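Asks: the following comprises the amino acid sequence and a computationally predicted model.
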Amino acid sequence: MTLIYDPRTTTRRSSDLSKHSADVFAEAEDHTVQITRRDGEPLVLMSQREADARDALLQFAADLITVTLDDEGTLASRMADRFQWMLALSLGDQAQCAQDLVNAARASFATGQSHLAIAELTSWRETATAIAAGLVVHPVEWLEGPERVERP
């Protein structure tokens, strides 16, 4: 049973791996390759990056399931308990973050593209980190028109 659907998976015979290993390895750097064997269960060859992305997505899924099992408070408050960096966000941003993370996770699970959820999670976490560090948005003051400045 496949936990994460990947439409780009290709299938190669074990003899291809021994005869054309460079080609099979090049494929595995781009997408998952299933290696079929006559004497056993198929094996999967993928990059460490892809394996790490799948692990991160599964951990995120476990965290979301834990959050949804709790019935006290709002989704945003339950997620802030699990992802404590969310506490650096305003209440409105916490609600938006929670919804964005759920939507990105659903899209990742539906398409097999783990980067959708992980990128959203990373983006919100980095935003919260920047806010906690005091990097807030200040309004920009634009000049009325071009000004001449001396050459340095």
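Replies: Great, that's in hand.

Asks: CA atoms for contacts and neighbours, from now on please.
Replies: OK.

Asks: could you measure from Asp70 over to Asp81?
Replies: Using CA to CA, to the nearest Å, Asp70 is found at 11 Å from Asp81.

Asks: walk me through the domains of the chain.
Replies: Using automatic domain parsing, the domain ranges for the chain come out as 10-46, 49-132.

Asks: hmm, Leu116 and Ala107 touching each other?
Replies: Yes. With contact defined as CA atoms under 8 Å, Ala107 reaches Leu116; the gap is 7.0 Å.

Asks: in this protein, what helix or strand scores lowest on average pLDDT?
Replies: Counting by mean pLDDT, DSSP states H and E, the chain has its least confident helix or strand at helix 14-19, which shows a mean of 85.

Asks: pull the CA atoms of that helix into CSV?
Replies: C-alpha atoms of helix 14-19 as CSV (Å, rounded to 0.1, in the frame of the first residue of the first chain):
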residue,chain,number,x,y,z
SER,A,14,16.4,-5.4,-11.4
SER,A,15,18.5,-6.3,-14.4
ASP,A,16,18.2,-2.7,-15.6
LEU,A,17,19.7,-1.6,-12.2
SER,A,18,22.7,-3.9,-12.8
LYS,A,19,23.2,-3.2,-16.5
